[in-house]
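> 3D model of this:
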Amino acid sequence: MINVADAFSKFRSRLELTNKEQEDASRRHKEIRDYLRTKFDIDRDFLTGSYKRWTKTKPLKDVDILCVLGEKESHRRDEPPADLLKEFEDALVAKYGRSNVSRQRRSVTVDFGVKPNADEDTDGKVMSFDVVPAFNKSKHYEIPDTSNPNGWTETDPEIHYQKAVVAQDNYDRQWKGIVRMAKKWNAHREKPVKPSFLIEVMALELLVPPFGGDFRYELKGLFASLADRIHEAWPDPAGLGPPVSDGMDNTARDTAKQELLSASNAAAVAIQLERTGKNGDALRAWRDLFGPLFPLS
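Down below sits the predicted model:
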């Protein structure tokens, strides 16, 4: 039987993107890009978000594509942003079908019908993409946002990316692994913390270097710190958009706090089981926390 320390190392590796997943993401990106360029004037496009920052968890879904529109689409800035999302939605429905396309607050989701098995494995295939139309604005971007009174939100994914790089380097290159684990817990618990990017934003401050050397205690402490500060406002790290924490009201934050405290307590129980020589029980306790990607052997 595997010991808990080795199980965490294996878990961290399982959460990293494989070559097969990256190849499928690249193929799907090209497919969507080439199609949308027949419908819109797109100056450039690129994969971004947690996929780009290497903080995406598995199974791989909702990979972000930012489509920066060209001059011929500039008239859309004077139209309701929801109309732009609708145009992208209609275009993608024509290719992928009504049942596979849905409009979100800032994007249009394309679902490829890929379903994970009981072990959360998709055989290296991406489940879905989030297509985000955007315009250049100074050195950053402006994207439609139907929850923003102004209709638009400014963003700079490059700043988000650089902050993650710095955090990773400062934390002995373990920061992204811990963030992926915490986000995996969130997904396994049906996302009490929304958006999952909020966990990443909070971790920029809450995971104080250096890395303590033990994922068990780092995660126990992180869950407790997240619970303690979940009611605070957490601004966009780029200083442009609305607070990242604006996706939850007080009731949702109360629920998230209880879930996070339960996670911290569950981690403490798992640690105690290991201390008393109950390695198998400890492994199962960690799997209950994170789901089937956490190994038992």
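> Which helix or strand contains F129?
Taking DSSP states H and E as the definition, one finds F129 inside strand 128-137.
> Pairing partners for that strand, with directions?
Sheet pairing of strand 128-137 (DSSP bridges) gives strand 63-69 (parallel), strand 108-111 (antiparallel), strand 140-144 (antiparallel).
> For E79, find the nearest of those.
strand 140-144 (10.1 Å; CB to CB). Heads up, the C-betas are built off the backbone N, CA and C, glycines and all.
> Mind listing residues that contact the helix or strand following the closest one?
For strand 140-144, the following helix or strand on the C-terminal side (DSSP H and E) is strand 152-155. For strand 152-155, the surrounding residues in contact (CB atoms under 8 Å, 6 or more residues apart in numbering) are 81, 106, 134, 137, 140-145, 236, 238, 240-242.
> Which one (most neighbours) among those residues?
Using other CB atoms under 10 Å as the neighbour test, those are led by A134, with 26 neighbours.
> Mind listing what's buried along the helix or strand where F88 lies?
Assigned by DSSP H and E, F88 belongs to helix 81-96. Neighbour counts over helix 81-96 (16 or more other CB atoms under 10 Å) mark 81, 84-85, 87-89, 91-93, 96 as buried.
> can you check stretch 162-170 too?
Of the residues in stretch 162-170, those buried (16+ other CB under 10 Å) are 163-164, 167-168.
> Please enumerate the helices of the protein.
4-14, 19-36, 49-53, 81-96, 157-170, 175-188, 197-206, 215-229, 250-275, 279-290 (DSSP state H).
> Which strands or helices does the fifth one pack on?
In terms of contacts (3 or more CB pairs under 8 Å, 6 or more residues apart in numbering; DSSP states H and E), helix 157-170 is packed against helix 49-53, strand 140-144, helix 175-188, helix 197-206.
> now the longest one and helix 197-206, what's the angle there?
This points to helix 175-188. Going by axes from the mean of the first three to the mean of the last three CA atoms, to 10 degrees, helix 175-188 is angled at 140 degrees with respect to helix 197-206.
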